[in-house]
Structures are given as structure tokens and as C-alpha cells.
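Asker: predicted model and sequence follow; I will ask about them next.
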Amino acid sequence: MTGAPGTAGPAGGEPGGLAGVPAAGATLRLRDRVLGPDHPVVMAVVNRTPDSFYAPARYDEAGADAAVARAEEEGADIVDLGGVRAGRGPRVEPDEELARVIPLVERVRRRHPGLLVSVDTWRSSVARAAALAGADLVNDTWAGHDPELVAVAAEHGMGVVCSHTGGARPRTDPFRVAYPHGPGSDAPDPLDGVVDDVVATLAAAARRAVDLGIDPASVLVDPTHDFGKNTWHSLHLVRRTSALVALGYPVLMAFSRKDFVGETLGLPTEERLEGTLAATAVAAWLGARVFRAHDVRATRRTLDMVAAIRADRAPEHAVRGLA
């Protein structure tokens, strides 16, 4: 089931309120927490990995605890805890991933009851342990590679992120990927082939999650920039965010400091903040709801400003010209 642009979708999306303002994205609900269009959602990246592509995000045990505390202070709503680098690198066995992530989930749940906890994994065994430790969301960045993962999320009342990788296997890089138009397609832009593939894949994955019993408002859809895509594909998916919002589920954008930002601007990882925030502002304006970010404070401020321009939220303090 999908919602037409500008209408409420299955997860409770709101129609646009002002002329010229795109429709608001769907409300996000994880367990007893409800986050509507007036509250853009920041998902802070906290990796227990020694080889993360972004060096400042490589945390040991003590560093991860400090990073979670800092993320909450800077305005994060969710912390996304990961134990395996997404890209190529040394193999990490399930037991090692569990050892890196599950004690951290337990500490966050105990010390930061106001934070929602996500675990970034494609393994159902890790998802099950995370659920028992108190996690609220499974961020499956490898598009159902383990078909049991979504069933684990449903069994334990967790939300799930449905992603798109174009069929790529975990921890592989894209090579000469192409998304041709289907037979009889009248899409005006040659790059719309990737949009069609992403929308179809995410719609099917979200339907499966809902059919298994997951609340539609707890099913996030993520076009998964860079995964199974080149830079042209990723840029086009940002400009076509509205096609994803029209599915009616909360849209997650995870493009913090990614390669498509670096290749577009010709910048290394450590200099990609401004490009990331520009993409964040565009996607938020078009109705994306959740943003996975290394730079929490900057992302929080960017999203709150866009929400105010959209008239989804009021200014914090507005007295200019009134007093």
C-alpha cells in the first residue's frame, strides 16, 4: 500500500499545509515514542568499529559511552550503534559483533532512558540479542540479506529500516551499476531508473514488514545512498526525495559524509560537513523525516531551521518587530 503524493500514507503522513511546501513526511513511532512532522529526527552514528571510514567515529568502549552522552546533549533522538564497518575490511565474526554492540546497548538503555536505540546490523542473531538488550530499532543497511532479520524485529516489537542496495552483498562496493528503465517506461529523466528500482524495492520490503506485524509507523525506508549506486544515482535520489515520501513510511536519509558528497565537491571525508548539510536541508524540505548523522549538533540545527521554514514548527523565540 502506498500513499499518493500530498496525502496521508499508511504510516500517517500529513498533507502539505502551505502553498508551495511539499507534503510532510510520515510520523515515526517506535514503541511508545511518537515523533511527528514538528520534530525532525536525528539518528546519531556511534560505531564500535576500529576501521570506520570516518576516523573521528572510531570508538573504543569508553569512547562510545562518551559519544552517546554527547549525542544526547547535542539533540539526538536515536543512537545507531554499529559493530561492523559497512565497507570492505577484515571479516568480523558474529561473536565479535555481539561483543562490540550488545554491552553498549545495555549501557545506553540503562544510562540514557530518553534515547531510542538502533542497532546497525544485517544479522538476525545480532538483532535478536539487541532486542533482548532493549533496542528499539534494527537498521538493516543490507536490504534483507538475512531474511530472518525482519521477522526478529516483528517478534520483539521493534522497528526496522528497509534499505536498497541493488542486490549488493554485505560489505561490497558498487562497480558499474546501472538501473535502466523498464519496458514502456515514459520517465522523463534517464536517471529515474534508479528511482523506480528503489521505490519498488522499498515498497515490497515495507509491505513484508507490515505483513509480519510491524507497525507501519515503525517501518523506515532508506534509499541507502552509495550502496549499490554511483554518485549520479545518489544525487538524483536526493532530488527525488518526494517519490520516497509518497510511499507513506518515514524516510531515513543516511548520507553523512558519504562518498557521493565527497566526489561531488572533490573533498576528503573530514571536509564533507557542509555538503552533507546541504543535502540534509534539501531532503528535509522534501519531507524526509530521519537523518543519520555523525555531526549531531549541526544536523539538529539544520533540520529545525528547515522545519520552521516549512511551518512544521514555530521559532524558539520570536520577538523581533514585536517588542
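Answerer: Okay, I see it.

Asker: pLDDT weak spots in the stretch 151-300 of the chain?
Answerer: Along the stretch 151-300 of the chain, the model assigns pLDDT under 70 to residues 171, 182-188.

Asker: test my guess that Ala217 contacts Val290.
Answerer: No. If you go by CB atoms under 8 Å, Ala217 and Val290 don't touch, sitting 11.9 Å apart. Where C-beta positions appear, they are placed from N, C-alpha and C, glycine not excepted.

Asker: neighbour count winner among these two?
Answerer: Residue environment comparison for Ala217 versus Val290 gives the larger neighbour count to Val290, 26 against 22, counting by other CB atoms under 10 Å.

Asker: test my guess that that one contacts Tyr249.
Answerer: No. The pair Val290 and Tyr249 fails to qualify as a contact (CB under 8 Å) at a distance of 10.5 Å.

Asker: what touches both of these two?
Answerer: Common neighbours of Val290 and Tyr249 (criterion: CB atoms under 8 Å, 6 or more residues apart in numbering): Leu220.

Asker: about what we covered before: identify the contacts common to Ala217 and Val290.
Answerer: Among the neighbours of Ala217, those also in contact with Val290 (CB under 8 Å, 6+ apart) are Leu28, Pro250.

Asker: which residues in the stretch 1-150 of the chain form helices?
Answerer: 61-73, 94-111, 124-133, 149-155 (DSSP state H, counting those that start in this stretch).

Asker: can I get the ones you listed in TSV including mean neighbour count and distance to Cys162?
Answerer: Output for these, formatted as TSV (neighbours: other CB atoms under 10 Å; distance: least, CB to CB, whole Å):
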stretch	mean neighbour count	distance to Cys162
helix 61-73	16	24
helix 94-111	18	21
helix 124-133	21	14
helix 149-155	22	8
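
Asker: okay if I get those as JSON lines plus distance to Leu191?
Answerer: What follows is those, written out as JSON lines (distance: least, CB to CB, whole Å):
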{"stretch": "helix 61-73", "distance to Leu191": "34"}
{"stretch": "helix 94-111", "distance to Leu191": "35"}
{"stretch": "helix 124-133", "distance to Leu191": "33"}
{"stretch": "helix 149-155", "distance to Leu191": "29"}
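
Asker: out of the ones you listed, flag the one nearest Arg301.
Answerer: Closest approach to Arg301 among the helices of the stretch 1-150 of the chain (CB to CB): helix 61-73, 13.7 Å.

Asker: contacts only, for the nearest residue to Val46 once chain neighbours are set aside.
Answerer: With CB to CB, 6 or more residues apart in numbering as the criterion, Val46 has its nearest non-adjacent residue at 4.8 Å, and that residue is Ala67. Ala67 makes contact with Ala44, Val46, Tyr59, according to CB under 8 Å, 6+ apart.

Asker: could you pick out the buried ones from those?
Answerer: Among the contacts of Ala67, those classed as buried by neighbour count (16 or more other CB atoms under 10 Å) are Ala44, Val46, Tyr59.

Asker: redo those as a markdown table? Include distance to Arg123 and pLDDT.
Answerer: Supplementary listing: the buried ones among the contacts of Ala67 in a markdown table, determined by distance: CB to CB, whole Å; pLDDT from 0 to 100:
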| residue | distance to Arg123 | pLDDT |
| --- | --- | --- |
| Ala44 | 22 | 97 |
| Val46 | 18 | 94 |
| Tyr59 | 20 | 80 |
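
Asker: just send the residues you listed back as TSV, with distance to Glu106 too.
Answerer: Compiled in TSV, those are given as follows (distance: CB to CB, whole Å):
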residue	distance to Glu106
Ala44	18
Val46	14
Tyr59	16
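
Asker: which ones among those lie within strands?
Answerer: When strands are assigned by DSSP state E, the members of those inside them are Ala44, Val46.

Asker: which one of the buried ones among the contacts of Ala67 sits closest to His236?
Answerer: Ala44 (27.0 Å).

Asker: and the closest one, bridged to which residues?
Answerer: Beta-bridge pairing for Ala44 (DSSP bridges): Val79, Ala293.

Asker: got a list of what it touches?
Answerer: Residues near Ala44 by CB under 8 Å, 6+ apart: Ala67, Val68, Ala71, Glu74, Ala76, Ile78, Val79, Asp80, Ala293, His294, Val296.

Asker: returning to that earlier point: for Leu303, which of the helices of the stretch 1-150 of the chain is the nearest?
Answerer: Distance to Leu303, taken as CB to CB, is lowest for helix 61-73 among those, at 14.4 Å.

Asker: pLDDT averaged over that closest one - what is it?
Answerer: Average pLDDT, helix 61-73: 92.

Asker: which of the buried ones among the contacts of Ala67 lies closest to Asp189?
Answerer: Distance ranking of the buried ones among the contacts of Ala67 against Asp189, using CB to CB, places Ala44 first at 33.9 Å.

Asker: for Leu116, see how far away the closest one is.
Answerer: 10 Å (CB to CB, to the nearest Å).

Asker: identify the contacts common to the two.
Answerer: When contacts are counted by CB under 8 Å, 6+ apart, the set common to Ala44 and Leu116 consists of Ile78, Val79.

Asker: for His233, pull up the helix or strand it's in.
Answerer: Taking DSSP states H and E as the criterion, the element that holds His233 is helix 231-239.
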